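Asks: What follows is a protein structure lacking sequence information:
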């Protein structure tokens, strides 16, 4: 009981500090935020060895615990990934400051001038698991949008996240912004998550979960504040009979195997039955050569001897590993039926040259991101030109798709008159 009270007190303190920091952040100049972000990027590179040494502790612990290779991949940092984090922060710094942007403006017949203006959300709570890079992405994005943020990373990446957070604090200090603008939960106790979901006595305005199905389910069920829903990435690729074969081979291989542990990795491949004789074996050969396990329906297994028989649960599984489910479908109608049944509404791709097929795919599938003749691994805020993202929102309220700087703002109305009164 005493431990729970201690965690509650710690978390309440974070909330008070975050709320206090949110006020000056909301009116911080674009120049000051830019300076902080550039200083953060430089601090990340300067602290590279400290970050890598901390990450080694996390990776070693995960390996000793028998964590899956896909989990290790999400957790592991190297010089290239640290450079990517720094480049991502620089890209965020280069974005237009959203705060104060006039989204729309109009005049009323009575002379009132009305403007819809972007404003920070306030205090954002971000709960994430093994990816330490989220610490940098989330901290930088929230700052750019004028928000204070409380970060609760997974215990598996605690050492790495603490060192990254230290670099972010250096940036805030360099620009004269409050250190409490970006706070890291200092305890790994799961009770800390529960306190965040309660809202920290009204301090937190929105929660952003980024992690596995169980984390997102808990957040969605227990949160007493608004949540940017981020469900699992059960991503599909449909290869139509009109698809260019070489393009299909390259895209499918990249979508599945570039990084298997990210939410934009393809998990199910659907192939038009009319293309079975021409496309199935060449596409699956590319996957098999890359070490991907293929789980097929009865028709796929009959045509491709290396395929394992898929179980019913495979069609609803986000593997985050070098495994893919493969089925033959009756053209675009079959693809639409399968995707609409099993999709998590994250990302789907169609490979086709038939414009009618593409339009039906775009119009009849209700996922946050739809791609034509491109890899599902482009489901990323950085690739969308947003600098970075906190996650991919699969809900329909407020934010959908990559949650970047603009999605971390709300708006208010400025109404200007010259003495009008209402009759």
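Replies: Sure thing, it's come through. Keep in mind it's a predicted model, so treat the numbers as computed, not measured.
Asks: How about the contacts made by the nearest residue to residue 238 once chain neighbours are set aside?
Replies: Of all residues not flanking residue 238 in the chain, residue 335 sits nearest, at 4.1 Å (C-beta to C-beta, 6 or more residues apart in numbering). (Each C-beta comes from the backbone N, C-alpha and C, glycine too.) The contact partners of residue 335, by C-beta atoms under 8 Å, 6 or more residues apart in numbering, come to 236, 238, 240, 270, 272, 329, 350, 361.
Asks: Let me see the mean pLDDT of whichever helix or strand residue 56 is part of.
Replies: Residue 56 belongs to helix 48-64 when assigned by DSSP states H and E. Mean per-residue pLDDT for helix 48-64: 96.
Asks: counting contacts, what elements does it pack onto?
Replies: helix 69-75, helix 79-94, helix 158-175 (3 or more C-beta pairs under 8 Å, 6 or more residues apart in numbering; DSSP states H and E).
Asks: And the host helix or strand of residue 125, how far out from the chain middle?
Replies: If you go by DSSP H and E, residue 125 is part of strand 123-128. How far strand 123-128 lies from its chain's middle: 12 Å, per C-alpha atoms, centre = their mean, to the nearest Å.
Asks: Determine how far the next helix or strand after it lies from the middle of the whole chain.
Replies: Using DSSP H and E, the helix or strand that follows strand 123-128 towards the C-terminus is helix 133-144. Per C-alpha atoms, centre = their mean, the displacement of helix 133-144 from the mean C-alpha position of its chain is 12 Å.
Asks: Also stretch 392-406?
Replies: That offset, for stretch 392-406, works out to 9 Å (C-alpha atoms, centre = their mean).
Asks: and what of stretch 111-119?
Replies: In terms of C-alpha atoms, centre = their mean, the centre of stretch 111-119 is set 31 Å apart from its chain centre.
Asks: Could you measure from the residue nearest the centre of the chain over to residue 242?
Replies: The centroid of the chain falls nearest to residue 391 when counting by C-alpha atoms, centre = their mean (1.8 Å). For residue 391, the distance to residue 242 equals 34 Å [C-beta to C-beta, to the nearest Å].
Asks: if we can go back for a sec, who's in contact with the strand holding residue 125?
Replies: Contacts for strand 123-128 (C-beta under 8 Å, 6+ apart): 15, 18-19, 22, 134, 138, 142, 147-154, 193, 196, 200, 203-211, 215, 219, 225, 390, 408.
Asks: pLDDT of stretch 235-249, averaged?
Replies: 98.
Asks: which parts of that stretch are buried?
Replies: 235, 236, 237, 238, 239, 240, 241, 242, 243, 248, 249 (16 or more other C-beta atoms under 10 Å).
Asks: just checking, which of those belong to strands?
Replies: The strands, defined by DSSP state E, take in 235, 236, 237, 238, 239 from the buried residues of stretch 235-249.
Asks: could these be laid out in CSV, adding distance to residue 129?
Replies: Formatted as CSV, these follow (distance: C-beta to C-beta, whole Å):
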residue, distance to residue 129
235, 19
236, 24
237, 25
238, 30
239, 32
